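>>> model this:
(2 chains)
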Amino acid sequence: MSNHLTRALNSTVLKKDQRPAWMPPTSPLVVALKAVSLVIILLLVLFPFLVVVSTSLADKDEVIDAGGWVVWPGDLSFEAYSTILAGGVVTRATLISIGVTVIGTAISLVVTIGMAYALARPRLYAGKPIVILVLLTFLFSPGMIPTYLVVQAFGLIDSLAALIVPVTVNAFNLIVLRAFFQGIPDELYESARLDGAGDLRILRQIVLPLSKAAIAVVGLFYAVSYWNSFFGAILYLNDSSKWPLQVVLRQYVLEASPIAGSISSAEAMVSSPNSIQMAVLVLALIPILCVYPFVQRHFTKGVLTGAVKG
Amino acid sequence: MSQPSRRTFLQFAVAAGIGAGLGACSTGSGSTGNNGSSAGPAPWPTFKAAAGPTPDLRSTIEGGGPDAFLRYPDQIVATITEPPGDGSVVEALIPTYSPPPTPVAGNVLWSAINAALDADVRLNLVPVSEYGDRLATVTASNDLPDTMLITDLPRARQFVQAKCADITDFVSGDAILEYPNLAAIPRYAWQAMGRVDGRIYGVPLPRGRQSQTIHVNRSALDAVGAADPWTRDEFAEAMHAVTRDGRYGIGIQSGSNYVMDIWAGGFGAPNRWEIVDGEFVQAEASDAFYEALDFVRGMYADGLFHPGSGSLSQNDLMNEYYAQNVVCVAGNFTNYSTGTYFERVGDRFVTDIAPIFAPDYKNWLGAGLFGYTVFKQADPDRIRMLLRLCDYIAAPYGSAEWELLNHGVEGEHFTRGADGAIAKTPLADTENWNTVPFKYIADSMDIIQVPGNEDATRRAFEYVETVVPSGTVNPAVGLASDTLDRQGAALEQRFTDAVIAIVTGREDISTWADVAEEVRRDGGDAIAAELAESAAEDSTA
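Numbering: from 1, shown residues only, chains lettered A, B, ... in the order given. From the prediction side, this is the model:
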């Protein structure tokens, strides 16, 4: 057993005086089994990532010879990445996705926070009917064609605004934030009122500073949603140069793949090599992997706090 | 965000009602969904072969088949003398299998094509797997593009009749001769598109009629002495012989019904439908289909199918083929005839195609149609201009127009070798017929040419010349059935589910008759009656 593992086990096995009174003593064997189990689980999680990255960096002939998947590339090749990034299509789509995500998340947060704050306050005129209307959107989806007609009626066809406006407020996020705001003690609101603060100042200087965790979580939900936006772009955008990243990358992954029940099966040629498909996955994963660790710590507190209020 | 006005709401309600209105058209007498009219159907467009280079191997198939060219023509000729457009903007809604092109302003190929057309063609590209959804939304709105490719659109006939231009007067009979490249579209493609109430509303995109093809690892088959061509028994023997040491005879991709089309065709089952005493009878009810199903079930029981069959994606299955873990896969003929599989396989083994089965090569023919382009209602001059654009885009292989659309601009996208062969430049990797797919607005007849491989070209040509004349046509192609539009996919899925259950041993094959009976009762009879009615009306043509 290596020194690292021995030290890890020693630090993991709680000494008697460190152990809570209710916790039974744990044998080193059990701890070792737990450690091995965790390592195996960790490998099971990391192995697919390794294969994805390795395949993306492998030569296409090596990928074919290996049956489509490479665990460790013989010679590093960046051909897949250069293919995807050639012509500037992916670069442009990335910028569009970033723009839609940043602007969309900002607009969604502003609107959702404002609406949640209003609905969280007692004595709001028609507050309950509005909440019920919001909840109804959980139960009844408007459907693809009616939504398209509404977007068209607003003149948003072939506009990037069509990726934001129809999904500006998410009912789930609104309810979570409203419940969180309702959990803030009324005394804080009352004292602010006594000091002469209006709703905007109360929201800005009292509610928002106390709601950072919930807002961070809702913001992440919105950001992930905008980043992954895909179907709206296909329906509402005529100009393919406005496609966001997910649509473009999906085309690389599914290029010429027959989709069951679609017209493509008759016309299908051959799919992109696996190296290109895996490079696409890596590119799509990087932004979320970069952002997620910084927001993850807010998750438990933010969501659970909002979830227990009605 | 402003709230929608009452007028906006009413516009929305009216627009939404169009769909219901179109639906109502079909629930009554069904006449709008059927061919034929009191004046009789319009004559089909006159066929006239296009001017182009002489093929090395000319098809002898009655009704038209793909010619073969052993090498790229030395002499490129123009078939269009005047630019067909009028400088106006043309919106075209078409599917794409590729990543998007660079915008037209910086796209040499797209700009060159627009300049040649004298039109600002704006390709409204939609990923192919979502094309049906997009088409449905667009057809529900009143904001139609100038041209749309129709493929598998439910109630397409009602839609085109209500909202698209009737082009009968421009293409019917000898009128098509004004557009010589469109006149070279085989008659079967027009017939597969069908008429609506006896009128013609679209321009078909023709394809060869050979259906799915069995691609084989000829090296592996030769190693076990497999027959070429093979009878049914010789095929089974070969599959048993090659299945060993982690290698399997056959691989089937996910979403497939174990390619029953191929096996049923090989066993002589009628192609989807059979006309018996004037009545349409489903192929699945035939004895030949049952025998084919039993044959496939037996091969599965003997372990000849790759274990991932039915669950592997097309991409994963092809990786298994390239890695020689699977000897036979079903796929598109053009993967062979255009050299795609040769490029992927390299020198690992000899990839080949094998007809099913000698000596009679019975098989199901395809419709020979990818889809058809319809036009937004407009004045006759604009319709003529749009047809001229289609005529240009449908220019035959070996023409200057075809070269521009498929290979791009000489010096930019390709160079020509001393022997006339085309060599692509790096720009062609991002600007090509796939990323700038004008071919889905209109198209010429397929040709066969495996680049740099004359033997494979001859092989592909002989394959088509063998299987198409011996194939059976689907008598329902080009006919109308509202029930088929509404329930066809669901009924087909029930057959697919039953095939998978029986082949994999989850259900006994004796249950097949019950499934066929249920499908017949739950919609099959209605479809058959409507097809018979449609056929009777169309027979006056």
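
>>> per-residue confidence for A:N10?
In the prediction, the pLDDT value recorded for A:N10 is 58.

>>> now do A:K301
The pLDDT attached to A:K301 in the predicted structure is 63.

>>> Okay, now the unreliable bits of the stretch 201-350 of chain B?
Within the stretch 201-350 of chain B, no range satisfies pLDDT under 70.

>>> what does it put close to chain A?
By CB under 8 Å from any CB of the partner chain, the part of the stretch 201-350 of chain B that sits against chain A consists of B:207, B:253-256, B:313-316, B:318-320, B:322-323, B:325, B:331-332, B:334-335, B:338, B:340-341, B:344, B:346, B:348. All C-beta spots, glycine's among them, are computed from the backbone N, C-alpha and C.

>>> Just the CA trace of stretch B:332-342, in PDB.
As requested, C-alpha coordinates have been extracted for stretch B:332-342 and formatted as PDB (Å, rounded to 0.1, in the frame of the first residue of the first chain):
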ATOM      1  CA  ASN B 332     -27.500   3.400 -48.800                       C
ATOM      2  CA  PHE B 333     -26.300   2.400 -52.300                       C
ATOM      3  CA  THR B 334     -24.700   5.800 -52.800                       C
ATOM      4  CA  ASN B 335     -22.300   5.100 -50.000                       C
ATOM      5  CA  TYR B 336     -20.800   2.600 -52.500                       C
ATOM      6  CA  SER B 337     -21.500   4.300 -55.800                       C
ATOM      7  CA  THR B 338     -19.900   7.600 -54.800                       C
ATOM      8  CA  GLY B 339     -16.900   5.900 -53.100                       C
ATOM      9  CA  THR B 340     -17.700   7.000 -49.500                       C
ATOM     10  CA  TYR B 341     -17.100   3.600 -48.000                       C
ATOM     11  CA  PHE B 342     -14.000   3.100 -50.000                       C
END
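
>>> got the contact list for residue 274?
As the question left the chain open, I've gone with chain A. Residues near A:N274 by CB atoms under 8 Å, 6 or more residues apart in numbering or on different chains: A:55, A:63, A:68-69, B:315, B:319.

>>> my bad, the chain I had in mind was chain B
Taking CB under 8 Å, 6+ apart as the test, what B:E274 contacts is B:280-283, B:286, B:475.

>>> element containing it?
B:E274 belongs to strand B:273-276 when assigned by DSSP states H and E.

>>> Give the buried subset of the residues of the stretch 201-350 of chain B next to chain A as a ChimeraX selection command.
A single ChimeraX command selects the buried members of these (16 or more other CB atoms under 10 Å in any protein chain shown):
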select /B:207,253,255,256,313,314,315,316,318,319,320,322,323,325,331,332,334,335,338,340,341,344
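
>>> give me the low-pLDDT residue ranges for chain B?
Using pLDDT under 70, the flagged stretches of chain B are B:1-39, B:539-541.

>>> nearest residue to the residue nearest the centre of it other than its sequence neighbours?
In chain B, the C-alpha closest to the average C-alpha coordinate belongs to B:F370, at a distance of 3.3 Å (CA atoms, centre = their mean). The shortest distance from B:F370 to any non-neighbouring residue, by CB to CB, 6 or more residues apart in numbering or on different chains, is to B:L205 (4.3 Å).

>>> And the lowest mean pLDDT element among the helices and strands of chain A?
Least confident helix or strand, chain A: helix A:264-267 with a mean of 43, by mean pLDDT, DSSP states H and E.

>>> What residues sit buried inside the helix or strand just after that helix?
Following the chain from helix A:264-267 toward its C-terminal end, the next helix or strand by DSSP H and E is helix A:274-296. For helix A:274-296, burial by neighbour count (16+ other CB under 10 Å) applies to A:274-284, A:287, A:295.

>>> In three-state terms, how would the nearest residue to B:F305 once chain neighbours are set aside be classified?
Using CB to CB, 6+ apart and skipping the chain neighbours, the partner closest in space to B:F305 is B:I250 (5.2 Å). Of the three states, B:I250 takes strand under DSSP: H, G, I helix; E, B strand; the rest coil.

>>> pretty sure B:I250 contacts B:G308?
No: using CB atoms under 8 Å, B:I250 is not in contact with B:G308, being 11.4 Å away.

>>> Which one's more surrounded, the two?
B:I250 (24 against 18; other CB atoms under 10 Å in any protein chain shown).

>>> what pairs with the more buried one across the strands?
Using DSSP bridges, the bridge partners assigned to B:I250 are B:F305, B:C328.

>>> Run through the residues of the stretch 51-200 of chain B sitting next to chain A.
Looking at chain A, the residues of the stretch 51-200 of chain B close enough under CB under 8 Å from any CB are B:91, B:95-103, B:122-134, B:136-137, B:140-141, B:143, B:145, B:151-152.

>>> just the buried members of those?
By neighbour count, with 16+ other CB under 10 Å, these hold B:91, B:95-102, B:122-134, B:136-137, B:140-141, B:145, B:151-152 as buried.

>>> just checking, which of those residues belong to helices?
For those, the ones inside helices are B:131-134, B:136-137, B:140, with DSSP state H as the criterion.

>>> sorry, back to before: in what helix or strand does the residue nearest to the centre of chain B lie?
Assigned by DSSP H and E, B:F370 belongs to strand B:369-375.

>>> counting contacts, what elements does that strand pack onto?
For strand B:369-375, the helices and strands in contact under the criterion 3 or more CB pairs under 8 Å, 6 or more residues apart in numbering or on different chains; DSSP states H and E are strand B:147-150, helix B:187-193, strand B:202-206, helix B:380-393.
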